[in-house]
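Participant: build me a structure from this.
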Amino acid sequence: MMKIPLMMLVLITSAFAEKPTELESLRSGWKEARIRALEPVDRKYLAALETLKARLTKAGDLDGAVKVGKEIEAVSVWFSDSSLDEKRIESRWKWGSGGTLTLMSDGKARHSAWSGYGAWSKLKNGNLVIQSSNGTAFLAVLDSSGSGVVTALDGSGTTSISLK
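Facilitator: Predicted structure coming up:
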């Protein structure tokens, strides 16, 4: 069983506290500006990956081409034209123990079994912190394919998660 230090739980829980409307507005504008600013970088990287994959395939390096293909898939998951379009989106995830988790660009989260909205945020390492509508906090540790393991921080269990 994973033990979470009390200070970590306090920090995670406080991150999901009610935010003032002005803060939500600032955050939304900041996220949209980041997406617009990073889009050209994302497009160049994906184009370079596609070129590399084609070159490796043509040269007969199928292992290399497969690795690059996996990188393309991993990057595409977070690219603004993908199903995780942070401008408006709602990304949908299959929750291993049942149901669908939907993540909204405004930081709200909704599971098909929850009575209301929870919250979510993406950590610097790409993992997700999710709080259910009843306050249970989860850590989703994701791999490059957009799948992973979700652990309830209260120790009540784990399940799998995968991008739909």
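
Participant: show me the contacts for residue 97.
Facilitator: Counting by C-beta atoms under 8 Å, 6 or more residues apart in numbering, residue 97 makes contact with 157, 159. (C-beta placed from N, C-alpha, C; glycine too.)

Participant: ignore the last one, residue 123
Facilitator: residue 129.

Participant: how is this structure divided into domains?
Facilitator: 21-78, 90-163 (automatic domain parsing).

Participant: pull the distance from the last one to the chain's centre.
Facilitator: Same thing as domain 90-163. How far domain 90-163 lies from its chain's middle: 8 Å, per C-alpha atoms, centre = their mean, to the nearest Å.

Participant: and for the shortest one?
Facilitator: Computed by C-alpha atoms, centre = their mean, the chain-centroid distance of domain 21-78 equals 14 Å.

Participant: torsion angles phi and psi at residue 144?
Facilitator: Main-chain dihedrals, residue 144, degrees, to the nearest 10: phi -70, psi -20.

Participant: and the gap between it and residue 68?
Facilitator: 12 Å (C-beta to C-beta, to the nearest Å).

Participant: looking at these two, which one has more neighbours?
Facilitator: Between residue 144 and residue 68, counted using other C-beta atoms under 10 Å, residue 68 has the larger neighbour count: 21 against 13.

Participant: element containing the more buried one, please.
Facilitator: helix 62-78 (DSSP states H and E).

Participant: run through who's touching stretch 140-149.
Facilitator: Outside stretch 140-149, the residues within contact range by C-beta under 8 Å, 6+ apart are 70-71, 73-74, 77, 126-130, 150-151, 158-163.

Participant: pull up the distance across it, start to finish.
Facilitator: Using C-alpha to C-alpha, to the nearest Å, one end of stretch 140-149 lies 6 Å from the other.

Participant: what comes up buried for it?
Facilitator: Judged by neighbour count (16 or more other C-beta atoms under 10 Å), stretch 140-149 contains these buried residues: 140, 142, 146, 148.

Participant: now stretch 96-111
Facilitator: Neighbour-count burial for stretch 96-111 flags 101, 102, 103, 104, 105, 107, 109, 110, 111 (criterion: 16+ other C-beta under 10 Å).

Participant: residues in contact with the first one?
Facilitator: Translated: residue 101. When contacts are counted by C-beta under 8 Å, 6+ apart, residue 101 touches 92, 93, 95, 109, 110, 111, 112, 130, 161.
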